[in-house]
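>>> sequence and computational prediction follow.
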Amino acid sequence: EDQVTQSPEALRLQEGESSSLNCSYTVSGLRGLFWYRQDPGKGPEFLFTLYSAGEEKEKERLKATLTKKESFLHITAPKPEDSATYLCAVQATSGTYKYIFGTGTRLKVLA
Amino acid sequence: DAGVTQSPTHLIKTRGQQVTLRCSPISGHKSVSWYQQVLGQGPQFIFQYYEKEERGRGNFPDRFSARQFPNYSSELNVNALLLGDSALYLCASSFVVKQDTEAFFGQGTRLTVV
């Protein structure tokens, strides 16, 4: 069964303290891996798409990387406004183009 | 440019009632998907539509149904509401249905069943 696991469930960082979020996946075949940011009570906001192992993408303080079994979202020198839930999703080659989401990592950055 | 718009933003219904949620995709986008997000969980896939045809259905009971209109907007209907249907319902739109197309989400409809 296709599955996505994110860790840690929650993370508290001091402003400027860099860290990484993990997304492990098990799929029959990977079409794509997606990272989203979600603020409380809002819809997910698209961040990155990764398609193949070794691929990396960057946006401001965020950098996403992909291996054959997992993806990392690296946050460099985070600010309080980076506080949110970060969701990872995969599209599998079997079946529809649906997204299979993990449960997310709740990030809190303290000033 | 307007993003994905959903209505209503909040809704309170009684057990056994029926509800209709609406979604307008980004202009030019032809695919709409629906997801259910229970508090503290990731979104779960319900339906995907492309060019007014159903392209995928998640593991939800037949009480859930949807359709897409010629203008690519979509409705999600839920009959015989249960307390467990309380959730944030998200609509996502994409230009087409294929690998290298990102999905963009609306703000969601918060449904509370009492």
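Good, I have the coordinates. Numbers count the residues shown, from 1 in each chain, chains lettered A, B, ... in the order given.

>>> and chain A, which of its residues are near chain B?
Counting by CB under 8 Å from any CB of the partner chain, the residues of chain A close to chain B are A:4, A:31-32, A:34, A:36, A:41-46, A:49, A:51, A:87, A:89, A:91, A:95-104. All C-beta spots, glycine's among them, are computed from the backbone N, C-alpha and C.

>>> filter the residues you listed down to the buried ones.
Among the residues of chain A next to chain B, those classed as buried by 16 or more other CB atoms under 10 Å in any protein chain shown are A:4, A:32, A:34, A:36, A:42-44, A:49, A:87, A:89, A:91, A:96-104.

>>> center of chain B - which residue?
Here the mean C-alpha position of chain B is nearest to the C-alpha of B:W34 (CA atoms, centre = their mean), at a distance of 3.0 Å.

>>> A:C23 versus the residue nearest to it when sequence neighbours are not counted, what's the distance?
Leaving aside its chain neighbours, B:W34 sits nearest to B:I46 (4.3 Å; criterion: CB to CB, 6 or more residues apart in numbering or on different chains). Distance of B:I46 to A:C23, given as CB to CB, to the nearest Å: 22 Å.

>>> neighbour-wise, which of these two wins?
Neighbours of B:I46 and A:C23, each counted by other CB atoms under 10 Å in any protein chain shown, are more numerous for A:C23; the result is 27 against 23.

>>> hey, where'd the strands end up in chain A?
In chain A, the strands defined using DSSP state E lie at A:3-7, A:10-14, A:19-26, A:30-38, A:45-50, A:56-59, A:62-66, A:70-75, A:84-92, A:100-101, A:105-110.

>>> what residues does the fourth one touch?
Defining contact as CB atoms under 8 Å, 6 or more residues apart in numbering or on different chains, one finds that strand A:30-38 is touched by A:23, A:25, A:44-51, A:64, A:66, A:71, A:73, A:84-93, A:97, A:99, A:104, B:99-100, B:102-103, B:105.
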